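Asker: Fold the following for me, if possible:
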Amino acid sequence: MKSAEIGLELPPLTVTLRREDLVRYAGASGDFNPIHWSDRMAAALGLPGVIAHGMLTMASAVRVVTDWLDDPADLVEYGVRFTKPVVVPDDDKGASVTFSAKVDKVADGLAEIDITAIAGEEKVLGRARAVVRVQ
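Answerer: Alright, predicted model coming up:
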């Protein structure tokens with residue numbers, strides 16, 4: 001179990017999402033919504049392009065915390081608000097999302113960790129917070 005103090009910054013994590021990742025995630029999750037693979041359908045709905053699944057972005061974000069923990073089972077609560085989509089271009093570069101995290105509160109053996117997710121120059125998650133068991 002980790003120890004934590006207010007203000008502790010966890011090591012950042014950058015994840016690159018490519019179209020093939022969206023296809024794999026669609027297969028695993030069963031979410032085949034065409035906004036996750038069709039430029040034409042995304043544009044028809046007013047989106048700036050094909051977007052990553054929100055739950056894929058959410059799962060990627062919590063890795064900044066679980067990678068830091070000695071035991072991922074010490075994660076006891078996690079939630080986010082989706083504020084902007086992650087647009088994934090149809091190229092070899094994909095979309096890079098950088099996650100950072102900072103301990104905001106420590107009390108009663110629990111630490112509250114705020115997570116920031118930046119794609120391009122846009123913050124894509126709001127109020128992303130994990131609660132973990134600490135010493």
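
Asker: Which SSE is immediately downstream of the helix or strand containing Ala117?
Answerer: According to DSSP states H and E, Ala117 maps onto strand 110-119. Going down the chain from strand 110-119, the next helix or strand is strand 122-123, by DSSP H and E.

Asker: How about the contacts made by the residue positioned nearest the centre of the chain?
Answerer: Note on the chain: the residue nearest the mean C-alpha position is Ala61, at 2.5 Å, using Cα atoms, centre = their mean. Counting by Cβ atoms under 8 Å, 6 or more residues apart in numbering, Ala61 touches 80, 97, 99, 115, 117, 125, 128. The way it works is simple: take the backbone N, C-alpha and C, and place the C-beta from them, glycine included.

Asker: rerun at 7 Å
Answerer: Going by Cβ atoms under 7 Å, 6 or more residues apart in numbering, Ala61 touches 80, 99, 115, 117, 125, 128.

Asker: got it, and Ala43?
Answerer: Counted by Cβ under 7 Å, 6+ apart, Ala43 has zero contacts.

Asker: That one: what secondary structure?
Answerer: helix (DSSP: H, G, I helix; E, B strand; the rest coil).

Asker: burial count for Glu9?
Answerer: For Glu9, the neighbour count with other Cβ atoms under 10 Å is 10.

Asker: bridging residues for the closest residue to Glu9 other than its chain neighbours?
Answerer: Closest residue in space to Glu9, ignoring its immediate chain neighbours: Lys102 at 5.1 Å, by Cβ to Cβ, 6 or more residues apart in numbering. Lys102 forms beta bridges with Glu9, Asp114, as assigned by DSSP bridges.
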